[in-house]
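**Student:** just coords:
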Ligand code: DON
């Protein structure tokens, strides 16, 4: 298949969508982006890469980081992790508090904010120290992407100062004894991994292990076992877009994970990893044009898993 031509076709067709939606503003520093930017990268299992648009521009990965922290926590704790965070779709927005109260502080899945705060807390309990924990997360992603990535101090501080909902979620879970460490340390680590900066090309590389049963196809390094990679992909399909996960499965039909920075990663099992970037978001907090571009991609290539 001529993937470069397909990317060019997508870029052409997406132009009218680019002005639609709004960039995230509830984390003030996220507003400082070129709102109409668009980029897409595809990485095949043999390492061949196809790019379009500003594919090497770094953006805030935000909730996409939850895929990495979930993979790390699953690797360390196995099934025990599910005592603290379930694996069902929430049908609620990513920062919702209501369900958490009547479900006694156990988040529905590791991709909503509450669930990701719990997986980060579990990493903090394992590594004991907040700086070491963040370094381990950073190193895990460096090893996957084969790049040295870093976080954006301004975005991190902006969320630290304005993350009232996350503070509420963490406090509520602490009251149910589902946060083991001091709330400030857990949230600081969570905000730091959300503010990591990566390009489309780097994210497509970093996600390739999930298209290949947990093994980097280029180095043969196993990052997680095949059964665990299966779980990560299943959760990306059912929970990766929060209360728009059904919509994403319906229109795109791939395991995917979005972030409010405007990125979306998607996996074509046994074939490739994809990343798309476009910072204007739809009402559910997912990249508007990114979702449309991925829909065009599976329509043009017939590579939806369905
Ligand atoms: O905790 C937050 O609200 C952000 N750091 C991440 C949220 C996010 O990316 C939701 N994605 N669509």
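**Tutor:** In hand now; what should we look at? The shown structure was predicted, so the numbers you read here are calculated from the model rather than taken from an experiment.

**Student:** Name the nearest residue to residue 109, ignoring sequence neighbours.
**Tutor:** residue 239 (4.2 Å; CB to CB, 6 or more residues apart in numbering). The C-beta positions use only the backbone N, C-alpha and C, and glycine is treated the same way.

**Student:** List the contacts of stretch 124-132.
**Tutor:** Stretch 124-132 is touched from outside by 76, 77, 133, 136, 180, 181, 185, 186, 188, 189, with contacts defined as CB atoms under 8 Å, 6 or more residues apart in numbering.

**Student:** Tell me the one among these nearest to residue 6.
**Tutor:** Residue 6 lies nearest to residue 136 out of the contacts of stretch 124-132, by CB to CB, at 37.2 Å.

**Student:** thinking again about what came up before, just the buried subset of the contacts of stretch 124-132, please.
**Tutor:** Buried subset of the contacts of stretch 124-132 (neighbour count, 16 or more other CB atoms under 10 Å): 77, 133, 181, 185, 186, 188, 189.

**Student:** which two in those are spaced the farthest apart?
**Tutor:** Maximum distance among those (CB to CB): 21.3 Å, for 77 and 188.

**Student:** ok, residue 233 to residue 285 distance?
**Tutor:** Separation of residue 233 from residue 285 (CB to CB, to the nearest Å): 21 Å.

**Student:** Need the pLDDT of the residue nearest to the spatial centre of the chain.
**Tutor:** With distances taken as CA atoms, centre = their mean, the residue of the chain nearest its centroid is residue 64 (1.4 Å). In this model, residue 64 is scored at 98, pLDDT.

**Student:** so it makes contact with residue 257?
**Tutor:** Yes: the criterion here is CB atoms under 8 Å, and residue 64 meets it with residue 257 at 5.4 Å.

**Student:** Give me the common contacts of these two.
**Tutor:** 264, 265.

**Student:** Next to the ligand in this structure, residues from the stretch 101-250 of the chain, please.
**Tutor:** Within the stretch 101-250 of the chain, the positions adjacent to the ligand are 113, 159, 166, 194 by CB under 6 Å from any ligand atom.

**Student:** Make sure residue 234 is actually in contact with residue 245.
**Tutor:** No: using CB under 8 Å as the test, residue 234 is too far from residue 245 to be in contact (11.4 Å).

**Student:** So for these two, which sits in the more crowded spot?
**Tutor:** residue 245 (24 against 13; other CB atoms under 10 Å).

**Student:** Check which helix or strand residue 218 maps to.
**Tutor:** Using DSSP states H and E, residue 218 maps to neither a helix nor a strand.

**Student:** ok, now which ones touch it?
**Tutor:** So residue 218 contacts 47, 208 (CB under 8 Å, 6+ apart).

**Student:** Then residue 62?
**Tutor:** 30, 194, 195, 259, 260, 261, 263.

**Student:** and those as a markdown table, adding secondary structure?
**Tutor:** Shown next, in a markdown table, are the contacts of residue 62 (DSSP: H, G, I helix; E, B strand; the rest coil):
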| residue | secondary structure |
| --- | --- |
| 30 | helix |
| 194 | helix |
| 195 | coil |
| 259 | coil |
| 260 | coil |
| 261 | coil |
| 263 | strand |
